[in-house]
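Colleague: what follows is a predicted structure for the sequence shown.
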Amino acid sequence: MKKKKVITIAAVPLGVAILGGSIMLSSYDSVVSAQSQVLSAAENATKTNLEYIKVTTGDDPSVQSYTIRIRDKANLTEVSEDYVNGVLQSKIIISEKGSKVTSIGRDFTTNEMTGSTWTLPENLSKENERVLKISLLEEQKQQVTGQDWVESKDSFTKSGYKTAVSELKDRKDVVTIDESNGMLVKKETFIKNEDGIWKNKPSRVEEYKYLDSIPMNIMRNDENIEIKERPAPIIEDKLFNG
């Protein structure tokens, strides 16, 4: 965080000097409060067992792409889904402590969904098991921890929520914190336009939820897609695309 410079001006009336000091302290307290709240919220976000993150990218309203990931750190299960304009394009389910993989994807020649499932060898299963114990939000925690945050005065912030902003050279991040539980619920990233002015719409939005259980519909095969068992797509115990 940048150090503040204290400027002393001679022959300033006492009342004005006290007022100026009060304003500076108030501003400093706001910065400290926002910084500590964001860091605490980021830490809290990684402590839950069942995490949900939805990432929406692009600022073109005609094409909305987003990914949903849900990780159960207690039962070592993860589901990820990719959507374009609300239509499911692919889904991957990792279950049985990382050993079972089910992959569903859209065939762009027929526009139909197809799926396959396989069991990983023990060494790759163990690696999945290790990864599934790590928070989905660990990367977000590390990122926001390395930034300076100040309280946002956005009038659109909902009651019960607080927003903080961090401006970097190439982007501006705005995080939203639920004041009732001190948890991160959203992070928006803004970039500049060709004139060097921040765009009004974010280029990336991350939404976070902390669940009690994985929604049953996300685990079901709602489209009655045929899932074929196949050998694990590996060469020398290393996964390849397939």
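Modeller: Looks like it arrived, so ask away. The shown structure was predicted, so the numbers you read here are calculated from the model rather than taken from an experiment. Numbering: from 1, shown residues only.
Colleague: for the rest of this, base every contact and every neighbour count on C-alpha atoms.
Modeller: Fine.
Colleague: domain map for this protein?
Modeller: Per automatic domain parsing, the domain ranges recorded for the chain read 14-46+138-210, 74-133+213-239.
Colleague: residues in contact with residue 157?
Modeller: Going by Cα atoms under 8 Å, 6 or more residues apart in numbering, residue 157 touches residue 163.
Colleague: distance check, the residue nearest the centre of the chain against residue 122.
Modeller: Taking Cα atoms, centre = their mean as the criterion, residue 206 is the residue nearest the geometric centre of the chain, at 4.2 Å. Separation of residue 206 from residue 122 (Cα to Cα, to the nearest Å) stands at 34 Å.
Colleague: the helices in the chain, which residues?
Modeller: Taking DSSP state H as the test, the helices found in the chain are 14-45, 122-132, 138-145, 216-219.
Colleague: I'd like to know the average pLDDT value across the third one.
Modeller: Regarding helix 138-145, the rounded mean pLDDT is 92.
Colleague: hang on, the earlier thing: any idea which of the domains of the chain scores lowest on pLDDT?
Modeller: Within these, confidence is poorest for domain 14-46+138-210, with a mean of 82 (mean pLDDT).
Colleague: ok, residue 137 touching residue 45?
Modeller: Yes. Using Cα atoms under 8 Å, residue 137 is in contact with residue 45, at 6.7 Å.
Colleague: more neighbours: which of the two?
Modeller: residue 45 (24 against 20; other Cα atoms under 10 Å).
Colleague: which residues are in contact with the more buried one?
Modeller: Applying Cα under 8 Å, 6+ apart to residue 45 gives the contacts 137, 141, 183, 184.
Colleague: and residue 121, how many neighbours does it have?
Modeller: Residue 121 has 14 nearby residues by other Cα under 10 Å.
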